[in-house]
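A.B. asks: Please find the sequence and the predicted model below.
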Amino acid sequence: MKKLFYLICICSAFLVDAQIIRDSELISKMEKGAELMALGKYDSAQILFQIVLQNKEKLPSEMAYFFGRNSFHLGKYKQSINWLNKYIQLKGTKGRYYEPAIVYLQYAEDEYLRIQRTQAKQFETDLENAEYDCGGLEKMLCPVCHGSGVVVQAGIFDEVYKTCPYSLGEGYLSCEEYNLFMRGEMEPKLKE
């Protein structure tokens, strides 16, 4: 029984030592990644950071800063924002990297917003210039009345049914009218 106990103790000690060695190797990878990042080798740093993220059970808070800053340099602005915010939440204003984290967070937010605005403008342009494919159909369901030919509005006491001002009660638009409507260029046929 004593031999079994000693064997269990030796195995446990070996496992603890192996875990300590593994943790120190991962911390070394994180520090090497930080050095590579400082040298502008962002892709190489990313590989090391991802190894640490995937294998270390409990991440040091500095990892959030390193990964967030490196993500900024790789153009992954949303990811950068998330990780830098996490670092600031964990360490607050007392963190070793608080000042650069704030600076890179602002950079990432500015770039992310710039991209969002550009995409929104491009989307608007695409919508304005789009020619919708009617799939060979001569008529499309009216997007206002959804093919019913009437528009239901809330009245004082009850609902009020009115003829659809775009389809004139038919419930359909020609392909050309449909394209005009979708681009915001079609005026109602029926004025109220």
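C.D. replies: Arrived safely, thanks for sending.
A.B. asks: how about stretch 176-189: buried residues?
C.D. replies: Neighbour-count burial for stretch 176-189 flags 177, 178, 179, 181, 182 (criterion: 16 or more other CB atoms under 10 Å). All C-beta spots, glycine's among them, are computed from the backbone N, C-alpha and C.
A.B. asks: Report the rounded mean pLDDT for it.
C.D. replies: Mean per-residue pLDDT for stretch 176-189: 85.
A.B. asks: Let's see the distance spanning it from one end to the other.
C.D. replies: 14 Å (CA to CA, to the nearest Å).
A.B. asks: same thing with stretch 54-68?
C.D. replies: Across stretch 54-68, first to last residue, CA to CA, it's 16 Å.
A.B. asks: Equivalent analysis for stretch 52-69, please.
C.D. replies: 16 Å.
A.B. asks: related to what we said a few turns ago, can I get the buried residues of stretch 176-189 in JSON lines including distance to residue 166 and secondary structure?
C.D. replies: Putting the buried residues of stretch 176-189 into JSON lines (distance: CB to CB, whole Å; DSSP: H, G, I helix; E, B strand; the rest coil) gives the following:
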{"residue": "177", "distance to residue 166": "8", "secondary structure": "helix"}
{"residue": "178", "distance to residue 166": "10", "secondary structure": "helix"}
{"residue": "179", "distance to residue 166": "13", "secondary structure": "helix"}
{"residue": "181", "distance to residue 166": "7", "secondary structure": "helix"}
{"residue": "182", "distance to residue 166": "12", "secondary structure": "helix"}
